[in-house]
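K.L.:
I'd like to go over a predicted model; first the sequence, then the structure.
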Amino acid sequence: MITDPGTPLEALRQREIMRIALPAPANVGGRYSALSAFSIAPAAFIGIDTAALVAHAEESDAACQRPADDNAATALAAWMVEAFEQGRDKLTLICSSQLESFGLWIEQLVAESLGKQGKGMVPVPETALRPASGYGPDRAIVVIRLTGDTALAGWTAGMEDGCPVFEIVLDDPLEIAREFVRWEYATALAGFLLRVNPFDEPDVSEAKQATSDVLEGSREVPAALADIDGVWATYAGGLAGLTAPPTDLEAALAPAFAALRPQDYLALLAYIPDDAAHHGPLRAALPSVSASSGAAVMLEIGPRYLHSSGQLHKGGPDTGIFVIVTARDRVDVAVPGKPFTLGRLHRAQAEGDLVTLASRGRRVMRLDLPDSDPATIARVADALMAAARG
């Protein structure tokens, strides 16, 4: 068991006299704990050479403490802040397939650390490689690849002039430990340069409280405007005030695309099972939706995103269009000792985020599906692509 001191899990360990308990540093936030016991212990259990992993991390730690003109973290932080100041605030992450999950970690680190006080870089992890020339003037591109990745090796040669590119090449997958350290240092330094605190998340707690209020019935959730063959469409915040209920899914999504401005991004906040069968149709639609709309588009799985990009959505710049996707599945699980079920909690987290975004005036809508069947989700994906084409 791995937990912070003084937690309920620590008390459980003492009661149950567990043989193995590893302490975690209480003063290290989750997004900065990539090389703490929370990750090193599981890595050891699955057979990763943790000695080599730590050696790479220590090498990077030393490199990040050198003078600024020879400092790996300073170079990355300066590149990020310069791109931000040029209006290129969509930090587009393109990784070799073996390293794609590293892009999700960068998303949380950068979004939650820098997305506050109306500022922030918007991480956009991309899993489908498209022509390098197809990115807009709000993009800054990070390529993280292995030396054997021939598809990515020459990809940046097609990038249009003026688009900032930061390329990281790893000879060995274990060298990713260097990047954990470099990105943590660089993000903290970028926060200093942007004059935001990179170690807090002031807007996360509001959505948590809203979730509790929804569960208790003391917070009202905006009502649906239309029922489209079982799909309930709701509009709130900056998208509220529609007068004519839409009659099909493409029309239901049209207001989101009509509200897009230059430099905006579109975030699909999907409270659906986190497997390829369910989110595959939405993920496959992203390149088409982005190309048609001209906007950066990302798929966020709920409620996971609430503790990563959720901070940016509420505390960062008002440049996001949010489409929350939920499902009214009939299968449910009781939560021991609680007056609500797991399914109700799941929906309340989506609804808590909806009302929080709306209270900030963010442009947000919700599609509440009758179920999370992949065919139902595919209908939404098709409608997204059609609405993006206009």
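P.N.:
That came through fine. Numbering: from 1, shown residues only.

K.L.:
okay, the helix or strand harbouring Ala348 in CSV with CA atoms only?
P.N.:
In this structure, Ala348 sits in helix 342-359 according to DSSP states H and E. Extracted in CSV, the C-alpha atoms of helix 342-359 (Å, rounded to 0.1, in the frame of the first residue of the first chain):
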residue,chain,number,x,y,z
LEU,A,342,-21.9,5.0,-8.1
GLY,A,343,-23.8,6.0,-11.2
ARG,A,344,-25.5,8.9,-9.4
LEU,A,345,-22.1,10.1,-8.3
HIS,A,346,-20.7,9.8,-11.8
ARG,A,347,-23.6,11.9,-13.2
ALA,A,348,-23.3,14.4,-10.3
GLN,A,349,-19.6,15.0,-11.2
ALA,A,350,-20.5,15.9,-14.7
GLU,A,351,-23.4,18.1,-13.5
GLY,A,352,-21.2,19.8,-10.9
ASP,A,353,-18.8,20.7,-13.6
LEU,A,354,-21.6,21.9,-15.9
VAL,A,355,-23.0,24.3,-13.3
THR,A,356,-19.5,25.5,-12.3
LEU,A,357,-18.5,26.2,-15.9
ALA,A,358,-21.9,27.9,-16.4
SER,A,359,-21.4,30.1,-13.3
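
K.L.:
Name the next helix or strand downstream of that helix, please.
P.N.:
Once helix 342-359 ends, the next helix or strand along the chain (criterion: DSSP H and E) is strand 363-369.

K.L.:
what packs against that next one?
P.N.:
strand 231-237, helix 249-258, strand 320-327, helix 342-359, helix 374-389 (3 or more CB pairs under 8 Å, 6 or more residues apart in numbering; DSSP states H and E). C-beta: built from backbone N, CA, C; applies to glycine.

K.L.:
Name the residues that touch it?
P.N.:
Contacts with strand 363-369, where a contact means CB atoms under 8 Å, 6 or more residues apart in numbering, come from 222, 224, 230-239, 249, 252-253, 255-256, 259, 320-328, 350, 354, 357-358, 376-377, 380.

K.L.:
Please pick the buried ones from these.
P.N.:
Neighbour counting with 16 or more other CB atoms under 10 Å marks 222, 224, 231-239, 249, 252-253, 255-256, 320-327, 350, 354, 357-358, 376-377, 380 as buried within the contacts of strand 363-369.

K.L.:
burial of the residue nearest to Ala83 when sequence neighbours are not counted, as a residue count?
P.N.:
Distances taken as CB to CB, 6 or more residues apart in numbering place Ala140 nearest to Ala83, at 3.7 Å, with adjacent residues excluded. Using other CB atoms under 10 Å, Ala140 has 23 other residues around it.

K.L.:
Same question for Thr156.
P.N.:
There are 16 residues near Thr156, going by other CB under 10 Å.

K.L.:
Quickly list what the nearest residue to it once chain neighbours are set aside is bridged to.
P.N.:
Leaving out its chain neighbours, the residue that sits closest to Thr156 by CB to CB, 6+ apart is Val165, at 5.2 Å. Bridge pairing for Val165 (DSSP bridges) gives the partners Ile141.

K.L.:
just the helices in this structure please.
P.N.:
Assigned by DSSP state H, the chain shows helices spanning 8-16, 37-45, 50-63, 72-85, 100-114, 150-153, 176-194, 204-216, 249-258, 276-293, 309-315, 342-359, 374-389.

K.L.:
I'd like the distance from the longest one to the chain centre, please.
P.N.:
Same thing as helix 176-194. On the basis of CA atoms, centre = their mean, to the nearest Å, helix 176-194 sits 17 Å off its chain's mean C-alpha point.

K.L.:
Same check on stretch 71-86?
P.N.:
21 Å.

K.L.:
Stretch 160-179 now?
P.N.:
On CA atoms, centre = their mean, the centre of stretch 160-179 falls 20 Å from that of its chain.

K.L.:
Could you pull out the buried residues of that stretch?
P.N.:
Cys163, Val165, Phe166, Ile168, Leu170, Leu174, Glu175, Ile176, Ala177, Arg178, Glu179.

K.L.:
can you name the two of these that are farthest apart?
P.N.:
Cys163 and Leu174 (30.4 Å; CB to CB).

K.L.:
Which residue ranges make up the domains of the protein?
P.N.:
Annotated domains of the chain cover 1-48, 67-194, 204-389 [automatic domain parsing].

K.L.:
neighbouring contacts of stretch 371-382?
P.N.:
With CB under 8 Å, 6+ apart as the test, stretch 371-382 has contacts from 231, 249, 272-273, 277-282, 284-285, 325, 327-330, 367, 369-370.

K.L.:
switch to 6 Å and redo it
P.N.:
Here stretch 371-382 makes contact (CB atoms under 6 Å, 6 or more residues apart in numbering) with Ile272, Ala277, His278, Pro281, Leu282, Ala285, Ala327, Asp329, Leu369.

K.L.:
nearest residue to the third one other than its sequence neighbours?
P.N.:
Once its chain neighbours are removed from consideration, His278 has its nearest residue in Ile272; the separation is 4.8 Å (CB to CB, 6+ apart).
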